[in-house]
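Novice: Let me see the structure of the following:
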Amino acid sequence: MAQIYNFSAGPAVLPVSVVHQVQSELVSYKNSGMSIMEISHRSSLYTDMEAEAEENLRKLMRIPAEYDVLFLQGGGTLQFAMVPLNLAKGNNQVGYIDSGHWAQRAIEEAQLVPKIKTDVVASAASTNYTTLPEVPKLKKQYDYIHLTLNNTIEGTMYRKLPENLKHQLLVGDMSSNIMAQRYNVEDFGLIYAGAQKNIGPAGMTVVIVKHELLDDKLELPAMLSYVKQAAKHSALNTPPVFAIYVAGLVFKWLLEQGGVEEMQKRNEKKAELLYNYLDSSSLFNAPVTKDARSLTNIPFVTGNAELDQRFIADAQESGLVNLKGHRSVGGMRASLYNAFPFEGVQKLIEFMERFEQSVGGNR
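Specialist: Numbering: from 1, shown residues only. Have a look, this model is predicted:
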């Protein structure tokens with residue numbers, strides 16, 4: 001089979017060794033005679049596996065003991081509603097930073113929650129989301145401020161948290177760059193991340209929440225309550241066993257590779273290589289301002305929609321797949337998650353150089 005390099009924004013590339021281990025264990029997990037997809041979530045086979053996954057995630061992200069770690073269902077999108085339902089309980093005023101499509105989705109869902117006032121405290125709409133929003137000094141204390149750390153579609157990323165948020169309770173959506181960049185968990189009251197970009201297969205969401213924020217007096221449906229989910233260790237109903245299992249293998253792989261610091265170094269190296277080429281190209285262009293560029297999701301264009309489509313089709317034939325940009329922005333996008341190899345970026349640039357020569361290098 002020809003080598004394929006998968007640039008998909010999600011579901012995304014997994015470590016090759018993890019895929020092979022899944023294959024080898026699929027029929028009989030730990031010689032039980034049962035597939036991981038068949039074992040009971042009440043059995044020690046599951047509970048030991050889940051506990052090890054949590055332990056390794058805590059090591060990777062340096063999660064303090066006073067934070068609960070939940071493995072939930074519903075994707076990151078369900079967290080758009082769960083966060084305000086569980087954390088908007090003081091002033092019932094919450095703040096959102098509008099940095100792109102997924103931040104907007106989070107705002108829209110929060111606005112559907114009754115009795116909660118939602119303020120957009122900063123927005124990058126005026127630059128068409130090619131920059132990060134300037135966050136002003138906030139005149140009031142919010143129940144929380146929601147921040148999307150990496151904007152998968154627009155290709156922007158917070159490498160450091162905005163200074164003017166230091167005294168606010170922060171909620172961080174890390175769905176697309178969790179463990180790809182070092183953040184301090186203690187800077188946040190809650191972090192969430194859908195699994196399918198940088199953790200494992202779709203079907204699981206990681207939630208990391210400071211225990212003191214959980215209010216057992218809130219009357220919420222069980223599946224929407226962090227308190228009730230934490231009390232049952234994410235097993236109020238049958239948990240996403242297979243997704244947690246694969247995530248646990250990815251966590252092990254990350255530790256073996258050197259952890260988050262090593263992943264960040266590799267991601268910086270991959271991104272720098274591609275950005276340097278884009279900045280020197282006479283055909284391709286990276287629209288995001290340099291100080292806001294993502295390490296994991298890199299959009300680029302030729303400036304000609306027909307030429308973009310030709311590039312995507314030709315790249316596909318050369319084994320460089322899923323380079324099509326999101327429908328809302330067009331162009332191309334290379335997603336370089338932790339498991340994506342450096343060699344794939346080199347192959348992409350080699351192809352881009354040939355393509356540029358073939359069309360004469362004119363945007």
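Novice: Give me the pLDDT value at the nearest residue to Lys197 once chain neighbours are set aside.
Specialist: Nearest residue to Lys197, sequence neighbours excluded (Cβ to Cβ, 6 or more residues apart in numbering): Gly10, at 4.1 Å. The C-beta positions use only the backbone N, C-alpha and C, and glycine is treated the same way. For Gly10, the model assigns a pLDDT of 89.
Novice: Can you give me the distance of Gly10 to Phe188?
Specialist: From Gly10 across to Phe188, the span is 22 Å (Cβ to Cβ, to the nearest Å).
Novice: between those two, which one's more packed in?
Specialist: Neighbour count, other Cβ atoms under 10 Å: between Gly10 and Phe188, Phe188 has more, with 22 against 18.
Novice: tell me which residues in stretch 231-251 are buried?
Specialist: 233-234, 236, 239-251 (16 or more other Cβ atoms under 10 Å).
Novice: Next, Leu112: secondary structure please.
Specialist: coil (DSSP: H, G, I helix; E, B strand; the rest coil).
Novice: Pull the contacting residues for the closest residue to it other than its chain neighbours.
Specialist: Once flanking residues are discounted, Leu112 sits nearest to Ala81: 7.2 Å by Cβ to Cβ, 6+ apart. Residues near Ala81 by Cβ atoms under 8 Å, 6 or more residues apart in numbering: Glu109, Ala110, Leu112, Val113, Leu224.
Novice: Which of those residues are buried, as a ChimeraX select command?
Specialist: In ChimeraX, this line selects whichever of the contacts of Ala81 come out buried by 16+ other Cβ under 10 Å:
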select :109,110,113,224
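Novice: Give me the number of neighbouring residues for Glu356.
Specialist: 18.
Novice: Now do the buried residues in the helix or strand that contains it.
Specialist: Here Glu356 sits within helix 342-358, counting by DSSP states H and E. Across helix 342-358, burial judged by 16+ other Cβ under 10 Å covers Gly344, Val345, Lys347, Leu348, Ile349, Phe351, Met352, Phe355, Glu356.
Novice: quick revisit: distance to His41 and pLDDT added to the contacts of Ala81, as JSON lines?
Specialist: Below are the contacts of Ala81 laid out as JSON lines (distance: Cβ to Cβ, whole Å; pLDDT from 0 to 100):
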{"residue": "Glu109", "distance to His41": "28", "pLDDT": "96"}
{"residue": "Ala110", "distance to His41": "31", "pLDDT": "95"}
{"residue": "Leu112", "distance to His41": "31", "pLDDT": "94"}
{"residue": "Val113", "distance to His41": "30", "pLDDT": "92"}
{"residue": "Leu224", "distance to His41": "20", "pLDDT": "95"}
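Novice: so can I have a markdown table of the contacts of Ala81 showing distance to Gln73?
Specialist: Compiled in a markdown table, the contacts of Ala81 are given as follows (distance: Cβ to Cβ, whole Å):
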| residue | distance to Gln73 |
| --- | --- |
| Glu109 | 16 |
| Ala110 | 20 |
| Leu112 | 20 |
| Val113 | 19 |
| Leu224 | 11 |
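Novice: any idea which of the contacts of Ala81 is closest to Asn304?
Specialist: Ranked by distance to Asn304 (Cβ to Cβ), the contacts of Ala81 are led by Glu109 at 36.2 Å.
Novice: host element of that closest one?
Specialist: If you go by DSSP H and E, Glu109 is part of helix 101-110.
Novice: so where do the strands sit in the stretch 251-363 of the chain?
Specialist: Assigned by DSSP state E, counting those that start in this stretch, the stretch 251-363 of the chain shows strands spanning 297-300, 320-321, 332-335.
Novice: check contacts around the nearest residue to Leu283 once chain neighbours are set aside.
Specialist: Excluding its sequence neighbours, the residue lying closest to Leu283 (Cβ to Cβ, 6+ apart) is Glu356, at 4.4 Å. Going by Cβ under 8 Å, 6+ apart, Glu356 touches Ser281, Ser282, Leu283, Phe284.
Novice: that older thread, mind checking which helix or strand the residue nearest to Leu112 is in?
Specialist: Ala81 belongs to helix 75-87, assigned by DSSP H and E.
Novice: Okay, angle between the helix or strand following that helix and helix 75-87 too, please.
Specialist: Downstream of helix 75-87, the first helix or strand assigned by DSSP H and E is strand 93-98. Relative orientation of strand 93-98 versus helix 75-87 (axes from the mean of the first three to the mean of the last three Cα atoms, to 10 degrees): 150 degrees.
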